[in-house]
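Peer 1: Sharing a model prediction with you, sequence too.
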Amino acid sequence: MSTSPPPPRAALLLLAYLAFVSLGLPDGLLGVGWPSIRADFGVPTEAVGLLLTAGTVGYLTSSVLAGFTLARIGVGALLAGSTLLASLALTGYALSPGLAVIVGCALLLGLGSGAVDSGLNAYAAGAFGPRHMNWLHAFFGLGVAIGPLIMTAALSAGLASRWGYGIVAAAQLALATAFALTVRAWRRRDSAPDADAETPDDPSPVRVPVLATLRLPVVWSGTLAFVVYVAIEVSAGLWAFLLLTQGRGLSAAVAGGCVSAYWGSLFVGRVVQGMVAERLGPRLVLRVSLAGMAVGAALIAVPGPAVLAVLGLIVVGFAAAPVFPLLTLTTAERVGAAHADRAIGLQIGAAGLGAALVPAGLGVLISNVSVEVLGAALVVLALALIVLYELGARRPSGDAGRTGPPGVDQPLSGPVRPVVDGR
């Protein structure tokens, strides 16, 4: 029996944490750096939409495709190549002579980031437990928070925004080098770093056609669940300031602090509930968290003093904290281990789509109805998420619960490492 992770496993865990921080760094750069970029190139403020669109297209494309290519090239090679691509894209930001080049770099950055996000989540879902899965996503939030600080420091020092992108590009290059040096180690996904028992290093491979994954209803209900979850998380953070100022009469300074508290509760929740999920199990924590999101959304929806809406925001943030990582972690239980990598790729891509489309649509609704519609929309989304989770949480039937050929029962979890047929 092995009670402590082998040194390579500990190294990969540390590298995974750094990778999640690095994954969040570019997301925090654009907001602070765009005014400087816009002034340098003499373009209107709304031109940032071109960068966001290009980045979203790249992210969606690579995150979905990554789930279908992991078995062919391996997670280590995928992470090394994708992180190198992200580094080159950020270097392009730093050296770009015009907006058109930056738009192209945004597409490349999206391609690199989407593949890293999907690949890391797929690997972590099979190799790490609930605690580390939650903490990894918390560290992504830490990276998003550090990004603006890097750009602010560069601008405050009298440097151009290009320097902020250059610094992050260097960090991504160092990470790509680390991935490249550990490609062989990433191939071993036979046990979690904190597993209590040894498992075979080379279980028998199982071939699964692509269409077999795409035909599973549970794959699509799970994918839709990610759309709805991210829609709640992003919509609450995006439109809460407007609700608290225009709808509940708070000053801009106080409302801004409340929105920060929302994001802070999301970070704290992932740190705290990672340990809770490891003790109580992911399913119980997920059900309680989804119910908590509905309660928080109801508090936001109730007409009344601003303190109710603020309390609701904090409840939504804390309750939502473990949902994304735990849904990812339990994907294999819902769809079967042989389909998990592909399903995770679809889920990560769908999450990006939900973050882009639903909050924008909600903004149109708010502008045509009232900012108070935010609470009601969050309640509807939270209830829909509960339904989608319960549909997917049922014991998989047919091929969803199998990792071998039809007619051969296999456990829903364990050391099965599928070799995916690329048809």
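Peer 2: Happy to help now that I have it.

Peer 1: And for Leu95, the neighbour number?
Peer 2: As a burial measure, Leu95 scores 13 neighbours (other Cβ atoms under 10 Å). Using the backbone N, CA and C atoms, a C-beta is placed for each residue, glycine as well.

Peer 1: what separates the nearest residue to it once chain neighbours are set aside from Thr53, distance-wise?
Peer 2: Ranked by Cβ to Cβ, 6 or more residues apart in numbering and with sequence neighbours excluded, the top spatial neighbour of Leu95 is Arg162, at 7.2 Å. Distance from Arg162 to Thr53, counting by Cβ to Cβ, to the nearest Å: 22 Å.

Peer 1: So between these two, which is more surrounded?
Peer 2: Ranked by neighbour count (other Cβ under 10 Å), Arg162 and Thr53 place Arg162 first, with 19 against 15.

Peer 1: mind listing the strands in the chain by residue range?
Peer 2: Per DSSP state E, the chain carries strands over the ranges 207-208, 419-420.

Peer 1: okay, now Ala376: neighbour count?
Peer 2: Neighbour count of Ala376, defined by other Cβ under 10 Å: 16.

Peer 1: what's the nearest residue to it if we skip its chain neighbours?
Peer 2: Nearest residue to Ala376 in three dimensions, chain neighbours excluded: Ala301, at 5.2 Å (Cβ to Cβ, 6+ apart).

Peer 1: mean pLDDT lowest for which of the strands of the chain?
Peer 2: Least confidently modelled of the strands of the chain is strand 419-420, at a mean of 32 by mean pLDDT.

Peer 1: residues touching the closest residue to Ala252 other than its chain neighbours, list them.
Peer 2: Leaving out its chain neighbours, the residue that sits closest to Ala252 by Cβ to Cβ, 6+ apart is Thr245, at 6.0 Å. Each residue near Thr245 by Cβ atoms under 8 Å, 6 or more residues apart in numbering is listed here: 251-252, 255.

Peer 1: Looking at these, spot the one nearest Thr182.
Peer 2: Ala255 (44.8 Å; Cβ to Cβ).

Peer 1: List the contacts of the residue lying closest to that closest one once chain neighbours are set aside.
Peer 2: Closest residue to Ala255 in three dimensions, ignoring its sequence neighbours and counting by Cβ to Cβ, 6+ apart: Leu244, at 3.9 Å. Shown in contact with Leu244 (Cβ under 8 Å, 6+ apart): 250, 254-255, 258-259, 306, 309-310.

Peer 1: Could you measure from Leu244 over to Ile232?
Peer 2: 17 Å.

Peer 1: Just the residues contacting stretch 72-88, thanks.
Peer 2: Under the contact criterion Cβ under 8 Å, 6+ apart, stretch 72-88 has outside partners 19, 22, 26, 62, 66, 69-70, 108-109, 111-113, 115-116, 119-120, 122-123, 169-170, 172-173, 175-176, 179-180, 182-187, 189, 420, 422.
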